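*Asks:* The following block contains a protein sequence and its predicted model.
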Amino acid sequence: MATEAFGTADTGDTGDTGDTGDTGAQAAPGPSNVSGTTRVPIGVVPHPHKPMEPITFFFPPINRPGFPRRAWDPDLHAQAVLAEFAATGWRTKVQSLIDAAKLASTPDQLKTEIPALYLQSADRNDRMAEILTQAGDVTRYWSDMLMITAASYPATWELMAVGTAIGHMVGMSCKLAINRPRPAQIYPALMPPILTPGHPSCPNNHAFQSYLVAKFLAMAAPALAAPLPDPPPPAPPRPEWNPENPGGGPANPLDHLAWRIGHNRQIAGVHYPSDAVVSWHLAAIIAPLVAEGSLFKKVLQEAREEWAGVAPLDVPPHQP
């Protein structure tokens, strides 16, 4: 009788062990040596079987000596103009102004300017959009007024960058020397709606930089700074405007914008009126010194070419 073979029974499925989960994205290979394999950035991968060989040109190189002038970033080329100016003896030219401003920076003297700032704070609602925007870069206000861009008027744009760069360097040097406390230090109840900047009050650098920009633009395009005509006799001639005697305000749009930018800082409560006066005098000293530089003269000539042919229109005669 045949013997029936008995097999072992099914033990059943052991079941899925489950997903082990993603191991995560593999890090990009760095310039390290792992297990004898050199990992290098894309673009310099050596041939895997032979050493690097000299590159054979597939196309002829181009003879383009020097970096094109107009390819320069205007803000960066302005730094070269700044370096040229910084090497001059500008500090000796403004020392008497610094000394006078420092003498006028005691708390007893500054407290006399607080009432004017308190009254000007009533204009904060009307000027708040400008105050907040101008707390950063004010270049857009100049570019919007003149309807220019860095691409359409590159040399003019660089003049503005030069005014900003030199104004920053000179202004900070003067602030350090004068060391005037901010208005909120003397009268905290002013409660500026913006953060009080982390440097002394005098000069008002927004005003100083803006007055420099206005003067440089006027050098490039005198039509932009053409003053209003004097009223007919027997009225007296129109006096030259300055922030110590503001009267009806500046007589040309460049000075008016510079004045307004500085004045917004007073409305905000972060500068005294006398800070802007110092700024105006400082710009009157610094601008001619900058204009003596060879690099600045080249930029200025290029900017003048951009504004060639622009002239003011005749103003209708005054009607009594």
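*Replies:* On my side now, so go ahead. Remember, it's a predicted structure, so these values are computed and weren't measured experimentally.

*Asks:* right, and Y187 touches I114 too?
*Replies:* Yes: counting by CB atoms under 8 Å, I114 is a contact partner of Y187 at 4.7 Å. Where C-beta positions appear, they are placed from N, C-alpha and C, glycine not excepted.

*Asks:* And the average pLDDT for stretch 198-217 is what?
*Replies:* Stretch 198-217 shows a mean pLDDT of 96.

*Asks:* got it, and stretch 95-105?
*Replies:* 96.

*Asks:* Equivalent analysis for stretch 290-301, please.
*Replies:* Average pLDDT, stretch 290-301: 97.

*Asks:* Show me what counts as buried in that stretch.
*Replies:* Buried residues in stretch 290-301, defined by neighbour count with 16 or more other CB atoms under 10 Å: V290, G293, L295, F296, V299, L300.

*Asks:* A86: how many residues sit nearby?
*Replies:* 14 (other CB atoms under 10 Å).

*Asks:* And the helices in the stretch 151-300 of the chain?
*Replies:* For the stretch 151-300 of the chain, the helices defined by DSSP state H, counting those that start in this stretch occupy 154-178, 183-186, 205-220, 253-267, 273-290, 294-306.

*Asks:* how far off helix 294-306 does the longest one point, in degrees?
*Replies:* This means helix 154-178. 140 degrees (axes from the mean of the first three to the mean of the last three CA atoms, to 10 degrees).

*Asks:* Please identify the buried residues of helix 154-178?
*Replies:* Buried residues in helix 154-178 (16+ other CB under 10 Å): 154-167, 170-171, 174-175, 177-178.

*Asks:* and if you look at stretch 108-115?
*Replies:* Quick answer for stretch 108-115 (16+ other CB under 10 Å): L110, E113, I114.

*Asks:* Rebuild these as a markdown table, extending it with pLDDT.
*Replies:* Shown next, in a markdown table, are those (pLDDT from 0 to 100):
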| residue | pLDDT |
| --- | --- |
| L110 | 96 |
| E113 | 95 |
| I114 | 96 |
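
*Asks:* Take those and write them to JSON lines, including distance to I261.
*Replies:* Output for the buried residues of stretch 108-115, formatted as JSON lines (distance: CB to CB, whole Å):
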{"residue": "L110", "distance to I261": "22"}
{"residue": "E113", "distance to I261": "19"}
{"residue": "I114", "distance to I261": "22"}
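
*Asks:* Among those residues, which lie within helices?
*Replies:* Among the buried residues of stretch 108-115, the members found in helices (DSSP state H) are L110, I114.

*Asks:* Redo the helices of the stretch 151-300 of the chain as JSON lines? Include distance to P65.
*Replies:* Shown next, in JSON lines, are the helices of the stretch 151-300 of the chain (distance: least, CB to CB, whole Å):
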{"stretch": "helix 154-178", "distance to P65": "21"}
{"stretch": "helix 183-186", "distance to P65": "55"}
{"stretch": "helix 205-220", "distance to P65": "29"}
{"stretch": "helix 253-267", "distance to P65": "38"}
{"stretch": "helix 273-290", "distance to P65": "30"}
{"stretch": "helix 294-306", "distance to P65": "19"}
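
*Asks:* closest to D126 out of those?
*Replies:* With CB to CB, the closest approach to D126 among those belongs to helix 253-267: 8.7 Å.

*Asks:* for that closest one, packing partners?
*Replies:* In terms of contacts (3 or more CB pairs under 8 Å, 6 or more residues apart in numbering; DSSP states H and E), helix 253-267 is packed against helix 114-120, helix 124-134, helix 139-146, helix 205-220, helix 273-290.

*Asks:* what's the offset of it from the middle of its chain?
*Replies:* Centroid displacement of helix 253-267 relative to its chain, using CA atoms, centre = their mean, to the nearest Å, is 16 Å.

*Asks:* Quick check: buried residues in that helix?
*Replies:* Under the neighbour-count criterion of 16+ other CB under 10 Å, helix 253-267 has 254-255, 257-267 buried.

*Asks:* Repeat that for stretch 214-233.
*Replies:* Neighbour counts over stretch 214-233 (16+ other CB under 10 Å) mark A214, K215, F216, L217, A218, M219, A220, A221, L224, A225, A226 as buried.
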